[in-house]
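[1] Turn this into a model:
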Amino acid sequence: MTQQRLAGRPPTRPTAASIRTLVRDLAYVQWDPVSIVAPSHLLSLWARLGAFRPSDLERLLWKEKSLFLHWTPMASIVATEDYPLYRSLMRRYPASLSHSWGSHRTRARKFLASRVGLRKKLLDGLRSGPRRLGEFEEHRRAKKSDVDWAPTSDVAQMLYHLTMSGDVMVVGHAGNQNLWGLTETFLPASVDRTELSESEFERAAAQRAIRVLGTATPTEITHHFVRGRYEHLGKTLASLEEEGTIRRVRVEELGARDERYVHASDVDRLDDLEGAEWEPRLSLLPPFDNLLASTARTSRLFGFEYVREQFLPKERRRFGTYVLPILWGDRLIGRIDPRLDRASGELVIQSVHAEPRAPTDPEVAARIGETIDRLAEFVGARAATYTGRVPPAWRRSLR
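    Just a heads-up that it's a prediction; the model follows:
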């Protein structure tokens with residue numbers, strides 16, 4: 001939790017610098033504009049920073065450009081200081097897609113080879129300034145959807161590939177629609193464009209993943225950062241271990257077959273987790289939070305089965321539509337199903353569920369209620385109201 005910035009006290013007055021540092025420490029924050037409560041990326045930042053100003057994030061992305069949007073492969077906020085890592089992948093795309101992507105690499109090559117003219121048209125068009133997807137003539141003629149993250153036209157697919165190759169990037173937003181522009185025009189000349197070899201990239205990325213996760217298996221490294229982009233991870237980890245940069249550790253509760261690594265610079269911090277400096281925090285996590293990126297890891301480490309039920313038919317949903325897990329210290333103890341009712345100005349808590357063996361003491365219940373109230377304030381609601389089931393042990397504080 002410490003490495004995920006979900007323990008200890010959050011900053012008293014989070015600033016733009018707090019946001020920039022947090023994104024750098026987490027490596028990425030997944031971007032998702034769906035606003036049943038608030039966009040997932042805003043909730044991930046709020047869970048760690050408290051009541052920051054979203055306008056500060058906008059400034060960092062579009063004005064200062066110390067953060068930018070990139071597909072990793074999901075749309076994510078990343079640190080511009082990490083540009084050399086992404087540039088290594090961009091320069092080698094689509095060859096930089098590992099075999100874990102299946103046929104995507106082959107399909108990307110075929111698509112790019114068969115649409116050379118479209119690529120040139122889009123790049124030439126963007127030389128006159130940024131455009132939304134619907135402003136490309138070729139998209140308007142064949143469009144099926146204006147949703148950028150569901151590329152149903154050749155233009156939308158080409159913009160995705162051009163982003164992955166580093167030729168274009170998202171340079172702003174018009175509502176929930178991306179504004180696409182040329183990377184060479186948008187990124188300042190001062191941005192580090194060091195060219196990393198494939199080996200240098202893998203060494204840097206694997207270390208970042210291990211540090212962010214605290215401890216990690218090779219599978220967890222591959223899935224977390226940078227997802228599915230390692231071709232020689234086993235060799236890379238062996239080299240880092242041989243030189244003492246990373247070390248193997250074993251979590252007794254996970255069994256003898258659990259192969260896990262920790263960064264050498266974090267070994268001493270493992271002892272701190274048992275000491276008086278450890279300060280648990282209660283947090284509400286959005287569906288695409290970094291801690292939930294791998295539901296398999298969440299299940300293995302926390303015994304918490306999480307399904308993003310917004311993608312299921314209504315009749316198959318067990319806990320709700322936009323379910324936020326409740327984190328207490330190093331345990332996921334429950335979940336809430338909130339919805340922001342913009343007409344009434346209320347954050348409607350449609351249900352609260354406690355995990356088996358969740359704490360029942362009044363202090364934890366009170367913290368849950370206080371955190372929900374802070375969430376309501378952050379999203380601009382005048383109050384939180386409870387309209388559905390609440391665990392009996394927590395009911396006194398959640399009403």
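[2] Can you measure across stretch 102-120, start residue to end residue?
    28 Å (Cα to Cα, to the nearest Å).
[3] Need the three-state assignment for Arg211.
    helix (DSSP: H, G, I helix; E, B strand; the rest coil).
[4] Mind telling me what element Val262 is part of?
    Val262 belongs to strand 260-263 when assigned by DSSP states H and E.
[5] Could you list every helix and strand in contact with that strand?
    helix 198-213, strand 246-249 (3 or more Cβ pairs under 8 Å, 6 or more residues apart in numbering; DSSP states H and E). From N, CA and C alone the C-beta is placed, and that goes for glycine too.
[6] List the contacts of the helix or strand where Leu240 lies.
    Element membership for Leu240 (DSSP H and E) is helix 233-242. Outside helix 233-242, the residues that touch it by Cβ atoms under 8 Å, 6 or more residues apart in numbering are 199, 202-203, 206-207, 218, 221-222, 230, 246-248, 261.
[7] rewinding a little: which residues outside the strand holding Val262 are in contact with it?
    With Cβ under 8 Å, 6+ apart, strand 260-263 has contacts from 207, 210-211, 214-217, 221, 237, 241, 245-251, 254, 270.
[8] change it to 7 Å
    Strand 260-263 is contacted from outside by 207, 210-211, 215-217, 237, 246-251, 270, using Cβ atoms under 7 Å, 6 or more residues apart in numbering.
[9] which one's the longest strand in this protein?
    strand 331-341 (DSSP state E).
[10] From the contact counts, what lies against it?
    strand 324-328, strand 346-354 (3 or more Cβ pairs under 7 Å, 6 or more residues apart in numbering; DSSP states H and E).
[11] any chance of these in CSV, plus distance to Arg91, mean neighbour count and mean pLDDT?
    Listed next are the helices and strands packed on strand 331-341 as CSV, based on distance: least, Cβ to Cβ, whole Å; neighbours: other Cβ atoms under 10 Å; pLDDT from 0 to 100:
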stretch, distance to Arg91, mean neighbour count, mean pLDDT
strand 324-328, 38, 24, 97
strand 346-354, 45, 21, 96
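[12] Any chance of those strands in a markdown table with distance to Val364 as columns?
    Below are those laid out as a markdown table (distance: least, Cβ to Cβ, whole Å):
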| stretch | distance to Val364 |
| --- | --- |
| strand 324-328 | 6 |
| strand 346-354 | 10 |
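[13] okay, and for this structure, where does confidence drop off?
    140-152, 255-256, 270-277 (pLDDT under 70).
[14] For the spatially most central residue of it, give me phi and psi.
    Closest to where the C-alpha atoms of the chain average out (Cα atoms, centre = their mean) is Gln30, at 2.6 Å. Main-chain torsions, Gln30, degrees, to the nearest 10: phi -70, psi 130.
[15] shouldn't it be in contact with Ser76?
    Yes. Assessed by Cβ atoms under 7 Å, Gln30 is found in contact with Ser76 at 5.2 Å.
[16] residues near Pro313, how many?
    7 (other Cβ atoms under 10 Å).
[17] so what's it up against?
    So Pro313 contacts nothing (Cβ under 7 Å, 6+ apart).
[18] Please apply the same query to Glu305.
    Here Glu305 is in contact with Ser299 (Cβ under 7 Å, 6+ apart).
[19] just Trp101 next, same as before
    Here Trp101 is in contact with Gly228 (Cβ under 7 Å, 6+ apart).
[20] For Val262, see how far away it is.
    Distance of Trp101 to Val262, given as Cβ to Cβ, to the nearest Å: 28 Å.
[21] One more: Leu49?
    26 Å.
[22] same question, Pro54
    From Pro54 to Val262 the distance is 35 Å (Cβ to Cβ).
[23] Please say which of those two ends up with more neighbours.
    Between Pro54 and Val262, Val262 has the larger neighbour count (other Cβ under 10 Å), namely 19 against 15.
[24] Who does the more buried one form a beta bridge with?
    Arg247 (DSSP bridges).
[25] Excluding sequence neighbours, find me the nearest residue to Val170.
    Spatial nearest neighbour of Val170, excluding adjacent residues (Cβ to Cβ, 6 or more residues apart in numbering): Leu69 at 4.3 Å.
[26] tell me which element that neighbour is part of?
    strand 67-71.
[27] Next secondary structure after that strand?
    By DSSP H and E, the next helix or strand past strand 67-71 is strand 75-79.
[28] Check which helices and strands that following strand is in contact with.
    helix 16-26, strand 29-30, strand 67-71.
[29] Mind doing that once more with 10 Å?
    Contact partners of strand 75-79 among helices and strands, from 3 or more Cβ pairs under 10 Å, 6 or more residues apart in numbering; DSSP states H and E: helix 16-26, strand 29-30, helix 40-49, strand 67-71, helix 83-92.
[30] Leu43 versus Pro338, what's the distance?
    10 Å.
[31] again with His99
    34 Å.
[32] Sheet partners, orientation included, of the strand holding Leu69?
    Strand 67-71 is paired, per DSSP bridges, with strand 75-79 (antiparallel).
[33] neighbouring contacts of the partner strand?
    19-33, 41, 44-45, 57, 60-61, 66-72, 85-86, 148-149, 163, 170, 178, 225-227, 288, 290 (Cβ atoms under 10 Å, 6 or more residues apart in numbering).
[34] Just the buried ones from these?
    19-24, 26-33, 41, 44-45, 57, 60-61, 66-72, 85-86, 148, 163, 170, 178, 225-227, 288, 290 (16 or more other Cβ atoms under 10 Å).
[35] Tell me, how many residues neighbour the closest residue to Ile36 other than its chain neighbours?
    Of all residues not flanking Ile36 in the chain, Tyr322 sits nearest, at 4.1 Å (Cβ to Cβ, 6+ apart). Other residues lying near Tyr322 total 23 when counted by other Cβ under 10 Å.
[36] what do you get for Glu279?
    Around Glu279 there are 11 residues (other Cβ under 10 Å).
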